[in-house]
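Asker: Pasting the sequence and the predicted model now:
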Amino acid sequence: MVVDNFMEQQEYRDFYSLQSQRAVQYWKETDRKDFEADLWYNRNRNEIGINMIAEICRGKKVLSVGGGEWVETEFLEKLPVKELVRTDLIDAEGIKVADAAALPFEDNSFDVVICREVIEHVIETDPVLDEAHRVLKDGGYYFISTPNGYNTFPDGKLHRRAYTPESFIKELKLHGFEVVDKRGDVPNILHSLLSLSNLGFKNVLEEFKNIEAMMRISPISYYVGTFMYVLAKKVSV
């Protein structure tokens, strides 16, 4: 991230750390009613990403930027990489503390860079995208995801911005990336239906599993899903 001064940087790191602690506690509450839905929802997100990039990562040197929690760990463990480097703002086992806007790596260092649900949080996006482009080898792949702005609105603090499906592609192209593949997941109404439906919790979740299975083969999922997943290739700026 690029920040105006040290205080702003420290305030953001403290805020980010607090949110990470809350997330850890949230996933310990396994007796909450929506736990099964949250578990399926996050593992479904992982499955989409694995289907998109697993073969691309096979035997490659891969960098993961951000996402030090269990969802990212579970995702990365299923990729058949040769070498994996993980970075995040928060220190943790197996994580190199690094700023997404100032990566401590040489140019052309990685075959694949993964950046899931980071871009919506950072103070400035240009340096983050430029750094991913810099550390990628020529023709390397960038896998990036973010909430769909039509479904998730920024709160100005945790989520500083939102992209529409069209603006997200445009932003990547401006920073030297050519889109290879793009996908989405289920619309952002699952949790609303869980609380409002009289069908019962299990029935609603099973219905969403069926919806996701049908949408998976449709290119329209990128435009209506809760999250947007894009695989892009490094080209010249």
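Answerer: All right, it came through fine. These numbers were taken from a predicted model, which means no experiment stands behind them. Numbering: from 1, shown residues only.

Asker: Surely residue 232 touches residue 141?
Answerer: Yes. Using C-beta atoms under 8 Å as the test, residue 232 is close enough to residue 141 to be in contact (7.1 Å). Every C-beta, even on glycine, is put in place using the N, C-alpha and C of the backbone.

Asker: what touches both of those two?
Answerer: Residues touching both residue 232 and residue 141 by C-beta atoms under 8 Å, 6 or more residues apart in numbering: residue 180.

Asker: Residue 52 is in contact with residue 229, isn't it?
Answerer: Yes. Residue 52 lies in contact with residue 229 (C-beta under 8 Å); the separation is 6.3 Å.

Asker: These two - which one has more neighbours?
Answerer: The residue with more neighbours, out of residue 52 and residue 229, is residue 229; 23 against 19, by other C-beta atoms under 10 Å.

Asker: how about the spatially closest residue to residue 125 that is not a sequence neighbour, secondary structure?
Answerer: Leaving out its chain neighbours, the residue that sits closest to residue 125 by C-beta to C-beta, 6 or more residues apart in numbering is residue 119, at 5.8 Å. Secondary structure assignment for residue 119 (DSSP: H, G, I helix; E, B strand; the rest coil): coil.

Asker: now swap in residue 127 and tell me
Answerer: Assignment for residue 127 (three-state DSSP): helix.

Asker: Next, the buried residues of stretch 100-109.
Answerer: By neighbour count on 16 or more other C-beta atoms under 10 Å, the buried set for stretch 100-109 is 100-101, 103, 105, 109.

Asker: From these, which land in helices?
Answerer: Among the buried residues of stretch 100-109, no residue falls in helices (DSSP state H).

Asker: tell me the two of those residues that are most distant?
Answerer: 101 and 109 (16.3 Å; C-beta to C-beta).

Asker: if we can go back for a sec, please report how far the residue nearest to residue 125 lies from residue 81.
Answerer: 22 Å (C-beta to C-beta, to the nearest Å).

Asker: With residue 55 instead?
Answerer: With C-beta to C-beta as the criterion, residue 55 and residue 81 are 11 Å apart.

Asker: quick one: which of these two has more around it?
Answerer: Comparing residue 55 with residue 81 by other C-beta under 10 Å, the one with more neighbours is residue 81, at 19 against 11.

Asker: ok but the more buried one is inside a helix, no?
Answerer: No. Assignment of residue 81 by three-state DSSP gives coil, placing it outside any helix.

Asker: Show the contacting residues for it.
Answerer: Counting by C-beta under 8 Å, 6+ apart, residue 81 has contacts 57-62, 112.

Asker: now the strands for the chain?
Answerer: Ranges of strands in the chain, per DSSP state E, are 61-65, 83-88, 96-97, 110-116, 136-147, 177-184, 227-234.

Asker: which residues touch the residue nearest to the spatial centre of the chain?
Answerer: Geometric centre of the chain, nearest residue: residue 116, 1.9 Å, by C-alpha atoms, centre = their mean. For residue 116, the contact set (C-beta under 8 Å, 6+ apart) comprises 49, 66-67, 72, 75, 143-145.
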